[in-house]
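# sequence and computational prediction follow.
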Amino acid sequence: MLVKTFGSAVFGIDATTITIEVDVTTGIKFLLVGLPDSAVKESQQRIESALRLNGYKWPKKKIIINMAPADIRKEGSAYDLPLAAAVLAASGQINHDKLSKYVLMGELSLDGTLQPIKGVLPIAINARAEDFEGFILPKQNAREAAVVDRLKVFGAENIKEVIDFLNDEGSLEQTVIDTRAEFYAQVNNNPLDFSDVKGQENVKRALEIAAAGSHNIILVGPPGSGKTMLAKRIPTVLPPFSLKEALETTKIHSVVGKIDKETSLMTRRPFRSPHHTISDVALVGGGNYPQPGEISLAHNGVLFLDELPEFKRTVLEVMRQPLEDRNITISRAKFSVEYPASFMLVASMNPCPCGYYNHPTKECVCAPGVVQKYLNKISGPLLDRIDIHLEVVPVPFKKLSEMESSENSEAVRERVLAARKIQENRFAEHQGVYANAQMTSKLIREYVVLDNESNNLIKNAMDRLGLSARAYDRILKDVKNNIKHIGNIIFVSLN
């Protein structure tokens, strides 16, 4: 008897429906075809144990399983549930009438318990797009899938519950959440705040400008001057997620299994801070079966690289193209995948190895030439892609001991939102451009027209500092942002 069930394969951040065809005939062989990986091939042992311990039998016949389309590689153990259901239906042990209406995914333990899987949100979105009635999956993933409306989501704890549901002998509880209500209830919930930072008013102002235009920024200063503390609070002044951005970001985190069972939809912009020992593959994504890297996990949020010169040079250099194109393409011999990577880069570093070069009170103990060697760890082309370079000085005791709180994140965010609104209106006709940092050279020439005084100032800066054409464009983006949205022009040295 030939029976079909339906699963799904995640490719990049999108899913493709997989049709699982099972034919049980006379014989003794077990054949699994359709480009399965080792984890899928090992499913026979898990399924056989799960069925036996739940009162069902593995057919003692010839079983042929095809996973179509056969040219897409099937990875992982999430196909255990649809494979088990198809084998039971093909051998006449359960009813197969409902199988065509649902996508089934889940890993089986030996006792039949369903284990959580990755990539649930893209699978649910694809299931709705292909007009499936519902999605049956492990209960731990049900809230994540229930974000997708017009799709019935049923979470199950074990295979017995799924079998009873398919046989109309029991029911599964449908998981329903109000996506918009839950999203807007949590969107402004953040434990960090700019008011926690004492002093550093000029740095906060620069961070506000960077947030308003989504500009990359680097903070240079001695240890303890507050670089990391300031960087961690940047997401609190960025505009709140739109529902579209939240779905897009949640899809990426879903693919790598970063969504916990209590979370249905990400409501806060991601803040990723990888350690400086990270590899280039872990940063940009890749592997034998490509997965998103840190720059994609920071999509629509902030990527913070603390102690920038300590990162391996090869790791930093792979960020050049994503910083310009805002996406990353991972190519292999047989295929390539593209991940979004539109993030705001925030970096911090000490001015020298000991950390006290140009410190107002402490003396630098670095040997001659060491400071320049330390700074040369960061290449010119990478620095060229960072819009704002800012010096952070230590906070004096008088400021630290003040009891009065400084301006909070909510007040700063209101100004950032006003600036972003103007930019959205300005770029309404240009798809994918919503902030000044995303302007192309053509848009810069169209929207940034300088007077003679400003033009002479930039000319002098380029002559003195030897700035590149890219740096010139980035200065114009900052100038546009400051004139129109913040009210001040801040010229930052890019040397």
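Alright, I've got the coordinates.

# which ones are touching residue 200?
Residue 200 makes contact with 226, 230, 392, 395, according to CB atoms under 8 Å, 6 or more residues apart in numbering. (Each C-beta comes from the backbone N, C-alpha and C, glycine too.)

# 6 Å instead?
The neighbourhood of residue 200, defined by CB atoms under 6 Å, 6 or more residues apart in numbering, consists of residue 226.

# my read is that residue 110 contacts residue 49, right?
Yes - with contact defined as CB atoms under 6 Å, residue 110 counts as touching residue 49 (4.2 Å).

# so those two - more neighbours on which side?
Neighbour count, other CB atoms under 10 Å: between residue 110 and residue 49, residue 49 has more, with 16 against 13.

# pretty sure that one sits in a helix.
Yes - counting by DSSP: H, G, I helix; E, B strand; the rest coil, residue 49 is found in a helix.

# gap between it and residue 355?
Separation of residue 49 from residue 355 (CB to CB, to the nearest Å): 58 Å.

# could you give the separation of the longest helix seen in the chain from the chain centroid?
Using DSSP state H, we find that the single longest helix of the chain is helix 409-426. Taking CA atoms, centre = their mean, to the nearest Å, one finds helix 409-426 lying 23 Å from the centre of the chain it belongs to.

# just stretch 445-464 next, same as before
A distance of 37 Å separates the centroid of the chain from that of stretch 445-464, by CA atoms, centre = their mean.

# output that stretch in PDB with nothing but the alpha carbons.
What follows is stretch 445-464 as a C-alpha-only set of coordinates in PDB (Å, rounded to 0.1, in the frame of the first residue of the first chain):
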ATOM      1  CA  ARG A 445      24.000  63.000  -4.900                       C
ATOM      2  CA  GLU A 446      20.300  63.500  -5.000                       C
ATOM      3  CA  TYR A 447      19.600  64.300  -1.400                       C
ATOM      4  CA  VAL A 448      22.800  65.800   0.000                       C
ATOM      5  CA  VAL A 449      23.600  69.200  -1.500                       C
ATOM      6  CA  LEU A 450      26.300  71.100   0.500                       C
ATOM      7  CA  ASP A 451      26.900  74.800   0.500                       C
ATOM      8  CA  ASN A 452      30.300  76.200  -0.300                       C
ATOM      9  CA  GLU A 453      31.500  76.400   3.400                       C
ATOM     10  CA  SER A 454      30.600  72.800   4.100                       C
ATOM     11  CA  ASN A 455      32.100  71.600   0.900                       C
ATOM     12  CA  ASN A 456      35.400  73.400   1.600                       C
ATOM     13  CA  LEU A 457      35.500  71.900   5.100                       C
ATOM     14  CA  ILE A 458      35.100  68.300   3.800                       C
ATOM     15  CA  LYS A 459      37.700  69.000   1.100                       C
ATOM     16  CA  ASN A 460      40.200  70.100   3.700                       C
ATOM     17  CA  ALA A 461      39.400  67.000   5.800                       C
ATOM     18  CA  MET A 462      39.900  64.700   2.900                       C
ATOM     19  CA  ASP A 463      43.200  66.400   1.900                       C
ATOM     20  CA  ARG A 464      44.600  66.300   5.500                       C
END
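
# list the buried residues of that stretch.
447, 448, 454, 458, 461, 462 (16 or more other CB atoms under 10 Å).

# check stretch 109-117 too.
In stretch 109-117, the ones that count as buried by 16+ other CB under 10 Å are 112, 113, 114, 115, 116, 117.

# just stretch 373-380 next, same as before
374, 378.

# ok, and what's touching it?
With CB under 6 Å, 6+ apart, stretch 373-380 has contacts from 308, 309, 352, 353.

# test my guess that residue 392 contacts residue 221.
Yes - counting by CB under 6 Å, residue 221 is a contact partner of residue 392 at 3.2 Å.

# and the two? Which one has more around it.
Higher neighbour count among residue 392 and residue 221: residue 221, with 23 against 19, using other CB under 10 Å.

# residue contacts, that one?
Residue 221 makes contact with 227, 392 under the criterion CB under 6 Å, 6+ apart.

# can you offset everything so residue one is 17?
Yes, from this point I'll number from 17; that puts the last item at residue 237.

# how close does it sit to residue 123?
To residue 123, residue 237 is 48 Å away according to CB to CB.

# next one: residue 166
Residue 166 is 27 Å from residue 123, where distance means CB to CB.

# just after the longest helix of the chain, pick out the following helix or strand.
helix 457-463 (DSSP states H and E).

# past that following helix, which element shows up next along the chain?
Heading C-terminal from helix 457-463, the first helix or strand you meet, by DSSP H and E, is helix 468-481.

# that following helix - what's its average pLDDT?
Taken as a whole, helix 468-481 has a mean pLDDT of 84.

# burial of residue 448, as a residue count?
A count of neighbours around residue 448, defined by other CB under 10 Å, yields 8.

# might you list the low-confidence residue ranges for the stretch 67-216 of the chain?
203-204 (pLDDT under 70).

# which residues in it form helices?
In the stretch 67-216 of the chain, helices defined by DSSP state H, counting those that start in this stretch lie at 96-106, 136-145, 158-161, 175-182, 195-202, listed in chain order.

# kindly format the C-alpha coordinates of the first one as PDB.
Looking back up the chat, that one is helix 96-106. The C-alpha coordinates for helix 96-106 follow below in PDB (Å, rounded to 0.1, in the frame of the first residue of the first chain):
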ATOM      1  CA  ASP A  96      11.000  10.800  12.500                       C
ATOM      2  CA  LEU A  97       7.300  11.700  13.000                       C
ATOM      3  CA  PRO A  98       6.200  11.900   9.400                       C
ATOM      4  CA  LEU A  99       8.200   8.700   8.600                       C
ATOM      5  CA  ALA A 100       6.600   6.800  11.500                       C
ATOM      6  CA  ALA A 101       3.100   8.000  10.500                       C
ATOM      7  CA  ALA A 102       3.600   7.000   6.900                       C
ATOM      8  CA  VAL A 103       4.900   3.500   7.800                       C
ATOM      9  CA  LEU A 104       2.000   2.900  10.200                       C
ATOM     10  CA  ALA A 105      -0.500   4.100   7.600                       C
ATOM     11  CA  ALA A 106       1.100   2.100   4.700                       C
END
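
# now the angle from that helix to helix 175-182?
With axes from the mean of the first three to the mean of the last three CA atoms, to 10 degrees applied, the angle from helix 96-106 to helix 175-182 works out at 50 degrees.

# what's helix 96-106 packed up against?
For helix 96-106, the elements it packs on are strand 18-27, strand 30-41, helix 59-69, strand 118-120, judged by 3 or more CB pairs under 6 Å, 6 or more residues apart in numbering; DSSP states H and E.

# swap in the shortest one?
Contacts of helix 158-161 with other secondary structure elements, assessed using 3+ CB pairs under 6 Å, 6+ apart, are made with helix 136-145, strand 168-172.

# contacts for it next, please.
136, 137, 140, 151, 169, 171, 191, 275, 280.

# gap between the spatially closest residue to residue 285 that is not a sequence neighbour and residue 239?
Nearest residue to residue 285, sequence neighbours excluded (CB to CB, 6 or more residues apart in numbering): residue 317, at 3.9 Å. Remark: distance between residue 317 and residue 239 (CB to CB) = 26 Å.

# neighbour-wise, which of those two wins?
Neighbour count, other CB under 10 Å: between residue 317 and residue 239, residue 317 has more, with 22 against 13.

# for the more buried one, give me its contacts.
285, 286, 287.

# spatially central residue in the protein, please.
Nearest residue to the geometric centre of the chain (CA atoms, centre = their mean): residue 313, 2.3 Å.

# ok so, going back, so for residue 332, which of the helices of the stretch 67-216 of the chain sits nearest?
Among these, helix 136-145 comes nearest to residue 332, with 30.2 Å by CB to CB.

# residue 171: what's it in contact with?
Residue 171 is in contact with 155, 158, 191, counting by CB under 6 Å, 6+ apart.
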